[in-house]
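Peer 1: coordinates only, sequence not included:
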Ligand code: TXA
Ligand code: MG
């Protein structure tokens, strides 16, 4: 694709907020997608009602046309403008978890363009918990369809610079709101199926949703062969250029395997990066990303916040091999293991 724009990246503060939002809305009205921060990852937004702008999102990202977009709203009225019906179950979840990282898949309103939902009769929607995202949608006055603002297949962007690295020349404006606090994409919960399904785990966890949906199924835990289809799930995701090996299980086994593999990669002249979440054994690599924290909850949050960033940092350092330590698959750990598995080419599982 030829470079169409001199992509502008603007750091937002109280002094320029109004002006930057005006510029963003100008581009949205002109029919060009704009990147903006949310609490999970950066999004690339366009009006849900503008078929042509939606097409530009797909082209800028190189996104397969059959992968639907998430619609971002700031009120229940706005939600009601794109779905045919908000049932009592959905309303309860909206009241409890919105604004926040929970995308609800509901039956779409027939008027909503099929380009947004990639031809599906349902639409995924969420209310972002981020001041700038909310101010932008409010100022524009209409829901914004927005996938993550990365090039398709790359790790989701948690900083404006990541968006620039992937979409430079392809979009007019990136609103820089600093580092995304969450770092993994929203939970996608399908309420059109019975029982309800978690299609993509996120920071609103299975454990948090279960009290509201007793028959809830975490579809991300079902083995690949039997998995219900969510359009986005079949594509390669989150992959850094480096080859990722994922190591899970008992510390002594993981340490042993990593020590051996690090020595082998070193002998082969490969550049290595280690991402560790709890190991305490001495390990030597070219780069070490240390996510160990004093509490498990803190470690999980920090891992969510930094995982994609560390993948991208390893890539810019020309790393060949990333050795990644897994986490326990509960609470936020479900979302993390889901992203880690997708990024990994090799997985080594030892008994816990
Ligand atoms: O946190 C997030 O969700 C970020 C920020 C920008 O809001 N957005 C995001 O969008 O991650 P995206 O496009 O990268 O991922 C959307 C996921 C895809 O896996 C897609 O298949 C799924 O949501 N999805 C969207 N609409 C759907 C629908 N109607 N039925 C099933 N899955 C749907
Ligand atoms: Mg994405």
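Peer 2: Happy to help now that I have it. Quantities reported herein were computed from a predicted structural model and do not represent experimental measurements. Ligands and ions are numbered 1, 2, ... in the order given.
Peer 1: which ones are touching the residue nearest to residue 98 when sequence neighbours are not counted?
Peer 2: Nearest residue to residue 98, sequence neighbours excluded (Cβ to Cβ, 6 or more residues apart in numbering): residue 127, at 4.1 Å. All C-beta spots, glycine's among them, are computed from the backbone N, C-alpha and C. When the contact criterion is Cβ atoms under 8 Å, 6 or more residues apart in numbering, the partners of residue 127 are 72, 73, 74, 75, 79, 94, 98, 99, 100, 134.
Peer 1: and for the fifth one, the neighbour number?
Peer 2: Spelled out, that is residue 79. A count of nearby residues for residue 79, using other Cβ atoms under 10 Å, gives 23.
Peer 1: now it: closest residue in space, sequence neighbours ignored.
Peer 2: Nearest residue to residue 79, sequence neighbours excluded (Cβ to Cβ, 6+ apart): residue 73, at 4.9 Å.
Peer 1: hmm, back to that, give me the subset of the contacts of residue 127 touching ligand 1.
Peer 2: Checked against ligand 1 using Cβ under 6 Å from any ligand atom, the contacts of residue 127 yield no neighbours at all.
Peer 1: quick check: residue 120 is in a strand.
Peer 2: No: residue assignment for residue 120, taken from DSSP: H, G, I helix; E, B strand; the rest coil, gives coil, which places it outside any strand.
Peer 1: right, and it touches residue 68 too?
Peer 2: Yes: between residue 120 and residue 68 there is a contact at 5.6 Å, judged by Cβ atoms under 8 Å.
Peer 1: for the two, indicate the residue with more neighbours.
Peer 2: Between residue 120 and residue 68, residue 68 has the larger neighbour count (other Cβ under 10 Å), namely 24 against 17.
Peer 1: low pLDDT regions in the protein?
Peer 2: Within the chain, the ranges that satisfy pLDDT under 70 run 1-3, 223-238.
Peer 1: in the lengthiest helix in the chain, what's buried?
Peer 2: Residue-count comparison of every helix in the chain, with assignments taken from DSSP state H, identifies helix 296-316 as the longest. With burial defined by 16 or more other Cβ atoms under 10 Å, the residues of helix 296-316 counted as buried are 296, 299-312, 314-315.
Peer 1: say whether ligand 1 is contacted by that helix.
Peer 2: No: figure legend: helix 296-316 not in contact with ligand 1 (Cβ under 6 Å from any ligand atom); closest approach 11.2 Å.
Peer 1: quick one, helices of the chain?
Peer 2: Here the chain has its helices, by DSSP H, at 17-30, 51-61, 76-80, 88-97, 114-117, 131-140, 160-167, 206-209, 251-267, 296-316, 332-343.
Peer 1: can you say which of the ones you listed is nearest to residue 180?
Peer 2: With Cβ to Cβ as the criterion, residue 180 lies closest to helix 296-316 of these, at 7.6 Å.
Peer 1: what's the spacing between the residue nearest to residue 98 and residue 260?
Peer 2: Distance, residue 127 to residue 260, by Cβ to Cβ, to the nearest Å: 48 Å.
Peer 1: which ones are touching residue 8?
Peer 2: Counted by Cβ under 8 Å, 6+ apart, residue 8 has contacts 172, 173, 174.
Peer 1: equivalent analysis for residue 75, please.
Peer 2: The contact partners of residue 75, taken as Cβ under 8 Å, 6+ apart, are residue 127.
Peer 1: mind doing that once more with 10 Å?
Peer 2: If you count contacts by Cβ atoms under 10 Å, 6 or more residues apart in numbering, residue 75 has them with 81, 98, 127, 134, 137, 138, 143.
Peer 1: quick one, which of those are buried?
Peer 2: When neighbours are counted using 16+ other Cβ under 10 Å, the contacts of residue 75 contain these buried positions: 81, 98, 127, 134, 137, 143.
Peer 1: distance of the last one relative to residue 64?
Peer 2: In this structure, residue 143 lies at 22 Å from residue 64, with Cβ to Cβ as the measure.
Peer 1: from the buried ones among the contacts of residue 75, which is closest to residue 352?
Peer 2: Of all the buried ones among the contacts of residue 75, the one with the least separation from residue 352 (Cβ to Cβ) is residue 98, at 35.4 Å.
Peer 1: wait, the closest one touches residue 39, no?
Peer 2: No: Residue 98 is not in contact with residue 39 according to Cβ atoms under 10 Å; the separation is 11.6 Å.
Peer 1: in JSON lines, list the helices of the chain along with distance to residue 275.
Peer 2: What follows is these, written out as JSON lines (distance: least, Cβ to Cβ, whole Å):
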{"stretch": "helix 17-30", "distance to residue 275": "34"}
{"stretch": "helix 51-61", "distance to residue 275": "26"}
{"stretch": "helix 76-80", "distance to residue 275": "37"}
{"stretch": "helix 88-97", "distance to residue 275": "29"}
{"stretch": "helix 114-117", "distance to residue 275": "35"}
{"stretch": "helix 131-140", "distance to residue 275": "28"}
{"stretch": "helix 160-167", "distance to residue 275": "17"}
{"stretch": "helix 206-209", "distance to residue 275": "24"}
{"stretch": "helix 251-267", "distance to residue 275": "11"}
{"stretch": "helix 296-316", "distance to residue 275": "6"}
{"stretch": "helix 332-343", "distance to residue 275": "9"}
